[in-house]
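Undergrad: Just need the structure, nothing else, for what follows:
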Amino acid sequence: MPTSQAKPSNSANADHHMKAAECCDKAAEEHRHAAKSSTGGDQKKSADHAKKAQEHCSKAQDHSKQAKAA
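TA: Got it, this is the predicted structure:
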């Protein structure tokens, strides 16, 4: 029975890790957009992308915490 109890936890753990990775990918993309906008001189757009990146990072951290708890 211990293995059947571990499977849902492992599945939930893996799911949260996957979601965290997806959020990190989205954050990296936003950082690339922010850098491109900054290079082009559009600081407002750069700041908007940086804010979105930070939001994705926060979501990734939340999923990481949930993965540790699973």
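
Undergrad: after the helix ranked longest in the chain comes which helix or strand?
TA: When the chain is parsed with DSSP state H, its longest helix is helix 2-39. As assigned by DSSP states H and E, the chain's next helix or strand after helix 2-39 is helix 43-69.

Undergrad: who does that following helix touch, helix- and strand-wise?
TA: helix 2-39 (3 or more CB pairs under 8 Å, 6 or more residues apart in numbering; DSSP states H and E). Every residue, glycine included, has its C-beta placed from N, CA and C.

Undergrad: and the helix it packs on, what's its mean pLDDT?
TA: When pLDDT is averaged over helix 2-39, the result is 87.

Undergrad: Going by neighbour count, which residues of it are buried?
TA: The neighbour-count check on helix 2-39 (16 or more other CB atoms under 10 Å) flags 13, 16-17, 19-20, 23-24, 26-27, 30-31, 33-34, 37 as buried.

Undergrad: now that helix and helix 43-69, what's the angle there?
TA: Here helix 2-39 runs at an angle of 170 degrees relative to helix 43-69 (axes from the mean of the first three to the mean of the last three CA atoms, to 10 degrees).

Undergrad: let's have the chain start at 40 instead
TA: Right, with 40 as the first residue, what we last looked at is helix 41-78.

Undergrad: list the helices and strands helix 41-78 packs on?
TA: helix 82-108.

Undergrad: How about the contacts made by the nearest residue to N49 once chain neighbours are set aside?
TA: Distance criterion CB to CB, 6 or more residues apart in numbering; nearest residue to N49, sequence neighbours excluded, is A109 at 7.9 Å. The neighbours of A109, taking CB atoms under 8 Å, 6 or more residues apart in numbering as the test, are S48, N49, A51, N52, H55.
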